[in-house]
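Asks: What shape does this take:
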Amino acid sequence: MRAPFASDPAATRGRLRPEEESTFRSCFQRDRDRIIHASAFRRLKHKTQVFIEHEGDYYRTRLTHSIEVAQVARTISGALGLNAELTEAVALAHDLGHPPFGHTGEDALQALMAPYGGFDHNAQAIRIVTHLERHYAEFDGLNLTWETLEGLAKHNGPVTGDLPWALAAYERQHDLELGTFASAEAQVAAIADDVAYNHHDLHDGLRAELFSTDELAELPILRGNFAEVDRLYPGLNYYRRRHEALRRFFGVLVEDVINVARTRLREMQPETATDIRMAGRTLIQFSDPVFEDLKMIRAFLFDRMYRAESVVIMRQQVTRVVEDLFPYFCAHPEQLPKQWRKDVEEADGNIAMARIVSDYISGMTDRFALQEHERLIVNS
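Replies: The predicted model follows:
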């Protein structure tokens with residue numbers, strides 16, 4: 001049964017460019033389908049989560065991460081009586097703006113773009129779905145509903161202060177009410193992101209042998225998960241044991257979010273989706289004890305995984321790739337693919353040109369960026 005504060009597709013604020021809606025799909029289902037069919041979504045297959053995409057067949061990529069986030073988000077959304085299709089759309093699109101090489105690539109691009117308005121992956125996701133996807137006859141972008149765009153823009157909370165230029169450019173023509181909180185569905189997508197990466201980064205770190213199962217079993221929450229597995233399945237195979245413990249850890253996080261949300265929603269008694277936006281705080285969160293435990297787990301991951309020597313060395317290498325490609329394309333725009341030529345011709349000054357190059361590089365996959373660097377820089 002759908003909650004009264006769930007987003008109602010029949011009451012959508014619509015699309016920037018009105019369209020005749022689908023006969024068989026709600027507007028939020030249609031948004032989700034357009035995201036799945038977008039070029040930027042397919043490119044997530046070869047974009048880094050933590051490890052560079054080509055380093056191993058089993059590590060998460062941005063695509064597998066996004067699918068896991070969507071699965072968690074649908075589970076939580078269903079338990080709370082929210083609109084699962086809107087939740088899924090925001091979850092699937094939340095990482096579309098990430099450049100190659102994960103946060104390392106973003107840091108490099110942000111530094112390079114500092115004189116030209118900066119770079120922000122959340123704002124870039126808005127730019128992709130409103131401008132850079134160019135497949136439809138009647139509009140640029142995907143022409144998503146207001147609710148999906150709002151969720152992408154502020155799923156992490158209100159956006160205040162100086163806006164990233166890419167978000168500000170769209171906000172001028174379509175008010176997403178950035179100063180308020182997002183819908184419950186977007187908040188669920190945001191917490192599902194936290195659940196997914198806290199779980200799968202531990203799994204990938206184990207596979208990369210950056211830490212041991214015994215070390216993992218001493219961490220908060222996981223200590224109890226391993227104890228339960230050992231009690232139920234004494235002598236279980238090493239790999240099955242850690243998988244069973246990690247899936248229990250996953251379950252603890254999901255159940256905690258659902259229980260906290262139910263309590264807060266019961267206390268607040270919201271009657272509409274607008275009540276959620278005007279609540280003045282995020283309603284979909286971890287409990288304080290679980291949040292404190294997760295801070296300890298994140299500290300462990302930063303020390304043993306994100307700052308591991310092998311990861312740091314690779315980050316230095318891929319930072320150089322972005323730092324080399326950016327000035328090269330600014331100086332040689334003729335090397336951009338044909339579909340970018342019109343943008344280059346219409347570019348008015350260095351800022352416009354830099355933003356075109358930023359759009360192009362941020363859309364690259366890990367492997368394509370490495371190939372282009374080899375072709376244009378190393379072998380030139």
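Asks: report the longest helix in this structure, please.
Replies: Longest helix of the chain, by residue count under DSSP state H: helix 238-268.
Asks: what helices or strands is the following helix or strand past it leaning on?
Replies: Sequence-wise, the next helix or strand downstream of helix 238-268 (DSSP states H and E) is helix 273-277. If you count contacts as 3 or more C-beta pairs under 8 Å, 6 or more residues apart in numbering; DSSP states H and E, helix 273-277 packs onto helix 184-207. Heads up, the C-betas are built off the backbone N, CA and C, glycines and all.
Asks: Any buried residues in the helix it packs on, and which?
Replies: Neighbour counts over helix 184-207 (16 or more other C-beta atoms under 10 Å) mark 184-206 as buried.
Asks: Repeat that for stretch 168-183.
Replies: For stretch 168-183, by 16+ other C-beta under 10 Å, it's Ala169, Tyr170, Glu171, Leu176, Glu177, Leu178, Thr180, Phe181, Ala182, Ser183.
Asks: Break down the stretch 1-150 of the chain into its helices, ranges please.
Replies: Listed in chain order, the helices of the stretch 1-150 of the chain (DSSP state H, counting those that start in this stretch) span 27-36, 39-43, 62-80, 84-93, 102-113, 121-127, 146-154.
Asks: So which of those helices is nearest Asp140?
Replies: helix 121-127 (10.2 Å; C-beta to C-beta).
Asks: what's that closest one in contact with?
Replies: With contact meaning C-beta atoms under 8 Å, 6 or more residues apart in numbering, helix 121-127 is reached by 93-99, 106, 149, 152-153, 156, 163-167, 169-170, 359, 362.
Asks: cool, stretch 211-227 as well?
Replies: 202, 205-206, 238, 241-242, 245-246, 248-249, 252, 290, 292-294, 296-297, 300, 304-305.
Asks: and the end-to-end length of that stretch?
Replies: Taking C-alpha to C-alpha, to the nearest Å, stretch 211-227 runs 19 Å from one end to the other.
Asks: ok now it, how far from the chain's centre?
Replies: 27 Å (C-alpha atoms, centre = their mean, to the nearest Å).
Asks: How about stretch 238-255?
Replies: That offset, for stretch 238-255, works out to 23 Å (C-alpha atoms, centre = their mean).
Asks: what is the mean pLDDT for that stretch?
Replies: Computed over stretch 238-255, the mean pLDDT rounds to 96.
Asks: Identify each buried residue in that stretch, please.
Replies: Applying 16+ other C-beta under 10 Å to stretch 238-255 flags Arg241, Arg242, Glu244, Ala245, Leu246, Arg248, Phe249, Phe250, Val252, Leu253, Val254 as buried.
Asks: Any chance of TSV for those, columns distance to Asn122?
Replies: Output for those, formatted as TSV (distance: C-beta to C-beta, whole Å):
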residue	distance to Asn122
Arg241	38
Arg242	33
Glu244	35
Ala245	33
Leu246	28
Arg248	32
Phe249	27
Phe250	25
Val252	28
Leu253	23
Val254	24
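Asks: ok, back up a step: and the longest helix of the chain, what other elements does it pack with?
Replies: Using 3+ C-beta pairs under 8 Å, 6+ apart: helix 238-268 touches helix 62-80, helix 184-207, helix 213-216, helix 222-232, helix 288-301.
Asks: what angle sits between that helix and helix 184-207?
Replies: If you take axes from the mean of the first three to the mean of the last three C-alpha atoms, to 10 degrees, helix 238-268 sits at 160 degrees to helix 184-207.
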